[in-house]
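> Okay, predicted coordinates and the sequence, questions at the end:
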Amino acid sequence: DIDTKDLTYSVVNNTNFEITGNQLKVKTTPSTIATLNLNITASDGTNISTPQAFTIAVIDNSTPIIKQFIVTQDGNNGRLISKNGGDVTVQAVVSASSYTWDSSSLTNKNSSNSTTFVFDPTNINSGTHAIKLKVEANSNYSERTLQLKLIAESVTSNDSDGDGIPNDKDTSNANNKIQAGEGKTITSSTNTRLLLGILATESARLTLAQNNQLSNKSSDTLTIGDIYDYVIEGLSTTGATTEVIIDLTTPIPKNSELYKYSSIHGWSAFVVDNNNTIKSKKTCTDISTWQTGLITDATCLKLTIKDGGENDTDGTQVNNRGQDNGVIKSTISITTPASNDSGNGNDDSNSGGGSSGGGCAYNPNAPTRFDISFILLMVLSTYYLIRRRRRFSY
């Protein structure tokens with residue numbers, strides 16, 4: 001007779017796997033790469049088969065992440081290097097099967113396939129220099145670019161934690177916290193690291209001179225406020241999301257929007273979706289609930305940003321997205337609509353957020369700047385008065 005009963009499958013004494021229906025599922029993820037043995041039985045409700053032995057190979061299919069670059073020169077650490085300080089060694093903290101370094105201006109003295117890039121800066125022009133590392137493992141790869149600042153004079157202060165802030169200026173020893181103006185900080189999620197962006201010096205909040213280095217500020221549709229430039233590294237996996245909290249120097253203005261800056265695409269609105277969010281509250285020290293969007297007069301901003309998403313601005317920015325590499329580069333500012341002469345546009349809304357379209361014009365909230373036409377008028381008026389005095393002095 002033919003047995004037409006349905007069979008039920010079971011795993012015999014195994015903590016790593018289970019069978020649901022006719023599917024074998026992982027119950028506990030193995031902590032190491034290994035070969036696992038298991039026995040499976042089949043039952044028709046009356047009879048149970050002899051256990052059948054199976055062998056399952058556990059492989060690592062994760063993408064390698066370059067967690068950190070450690071830069072050393074003449075006993076000092078940090079991304080600020082000197083032409084007269086001797087060889088510079090860049091050590092990548094990563095585990096992979098292959099390492100490919102590339103730089104258009106620097107020559108690697110270490111030609112082997114390794115985690116180290118060594119170069120002599122003596123005859124290199126001062127300025128910003130980039131080194132790109134591509135690592136590959138398990139048929140997966142990731143890339144990350146390191147930017148170094150080369151100066152002609154000697155580097156006088158050490159940056160032992162490599163966050164871009166010299167030890168004598170650094171106010172925090174925590175890996176996930178950096179200063180962002182007088183008495184202000186930026187904090188990222190636990191187990192991540194925060195670094196200054198390449199535009200920043202000593203603080204993630206840019207100075208007026210640093211602000212003026214940013215291009216694409218010709219549009220008069222928006223006014224840029226304080227600019228924050230930082231990098232989050234050490235994400236657990238590529239493509240992960242993480243949070244960052246910014247203690248703002250200037251309270252959030254009415255009718256404001258959050259914009260991001262890319263060296264390739266310039267200013268554009270911060271994209272809000274399931275993986276990227278904007279929240280704020282009055283201060284970073286109170287225990288009140290976070291509110292969605294930009295709340296007027298709030299001084300604490302919390303952003304959720306996805307690695308490789310539209311608000312991650314590292315890499316070549318293909319399709320306006322950053323590299324999916326376990327690192328997030330972020331340069332952001334809270335903007336307000338530029339004033340218009342008509343006096344129209346009264347908007348009583350209390351909060352804003354990300355939106356689309358438009359470039360930005362930099363016009364910081366605090367500093368006062370004279371219009372050039374006003375200065376010329378003053379010069380001409382002074383010249384006219386001097387001429388008159390000379391005419392009537394006889």
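Yep, it's here. Numbering: from 1, shown residues only.
> The protein: helices as residue ranges?
208-211, 372-391 (DSSP state H).
> mean pLDDT for the ones you listed: which is lowest?
Of all those, the minimum mean pLDDT falls on helix 372-391 (a mean of 50).
> buried set for stretch 19-39?
For stretch 19-39, burial by neighbour count (16 or more other C-beta atoms under 10 Å) applies to Ile19, Leu24, Leu38. Quick note: C-beta positions are derived from backbone N, CA and C, even for glycine.
> List just the nearest of the residues you listed to Leu248.
Leu24 (51.8 Å; C-beta to C-beta).
> Now do the contacts for that closest one.
By C-beta atoms under 8 Å, 6 or more residues apart in numbering, the contact list for Leu24 reads Val11, Phe17, Glu18, Ile40.
> what stretches of the stretch 201-350 of the chain score poorly on pLDDT?
208-222, 339-350 (pLDDT under 70).
> now with 90?
Residue ranges of the stretch 201-350 of the chain with pLDDT under 90: 201-203, 206-225, 263-266, 286-288, 315-320, 336-350.
> Show the residue spans covered by the strands in it.
Counting by DSSP state E, counting those that start in this stretch, residue ranges of the strands within the stretch 201-350 of the chain are 222-233, 241-247, 257-262, 266-269, 277-281, 291-292, 294-295, 300-306, 328-337.
> is it possible to export those to CSV including mean neighbour count?
Below are the strands of the stretch 201-350 of the chain laid out as CSV (neighbours: other C-beta atoms under 10 Å):
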stretch, mean neighbour count
strand 222-233, 23
strand 241-247, 20
strand 257-262, 23
strand 266-269, 21
strand 277-281, 22
strand 291-292, 14
strand 294-295, 23
strand 300-306, 22
strand 328-337, 24
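> Same list (these) but as JSON lines, adding distance to Asp314.
Shown next, in JSON lines, are the strands of the stretch 201-350 of the chain (distance: least, C-beta to C-beta, whole Å):
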{"stretch": "strand 222-233", "distance to Asp314": "8"}
{"stretch": "strand 241-247", "distance to Asp314": "14"}
{"stretch": "strand 257-262", "distance to Asp314": "9"}
{"stretch": "strand 266-269", "distance to Asp314": "15"}
{"stretch": "strand 277-281", "distance to Asp314": "20"}
{"stretch": "strand 291-292", "distance to Asp314": "27"}
{"stretch": "strand 294-295", "distance to Asp314": "25"}
{"stretch": "strand 300-306", "distance to Asp314": "11"}
{"stretch": "strand 328-337", "distance to Asp314": "4"}
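> nearest to Ala200, of those strands?
Among the strands of the stretch 201-350 of the chain, strand 222-233 sits nearest to Ala200 (C-beta to C-beta), with 4.4 Å.
> For the closest one, what is the distance to the chain centroid?
Averaging C-alpha positions (C-alpha atoms, centre = their mean, to the nearest Å) puts strand 222-233 11 Å from its chain's average.
> What angle do strand 300-306 and it make with each other?
Angle, strand 222-233 to strand 300-306, by axes from the mean of the first three to the mean of the last three C-alpha atoms, to 10 degrees: 60 degrees.
> elements contacting strand 222-233?
strand 185-188, strand 193-196, helix 208-211, strand 241-247, strand 257-262, strand 328-337, strand 361-362 (3 or more C-beta pairs under 8 Å, 6 or more residues apart in numbering; DSSP states H and E).
> Lys281 is in contact with Ile287, isn't it?
No - Lys281 is not in contact with Ile287 according to C-beta atoms under 8 Å; the separation is 9.3 Å.
> mind putting the contacts of Leu24 in JSON lines, pLDDT included?
Formatted as JSON lines, the contacts of Leu24 follow (pLDDT from 0 to 100):
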{"residue": "Val11", "pLDDT": "84"}
{"residue": "Phe17", "pLDDT": "81"}
{"residue": "Glu18", "pLDDT": "84"}
{"residue": "Ile40", "pLDDT": "87"}
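> Max pairwise distance over these: which two?
Going by C-beta to C-beta, the pair spanning the contacts of Leu24 furthest: Glu18 and Ile40, at 10.8 Å.
> Compare neighbour counts for the two and give me the winner.
Ile40 (17 against 14; other C-beta atoms under 10 Å).
> give the contact list for that one.
Ile40 sits in contact with Tyr9, Ser10, Val11, Val12, Ile19, Leu24, Pro51, Gln52, Phe54, where contact means C-beta under 8 Å, 6+ apart.
> Please report how far it lies from Val12.
7 Å (C-beta to C-beta, to the nearest Å).
> what's the neighbour count on Gln91?
Every residue meeting other C-beta under 10 Å relative to Gln91 is counted, giving 15.
> just Leu248 next, same as before
22.
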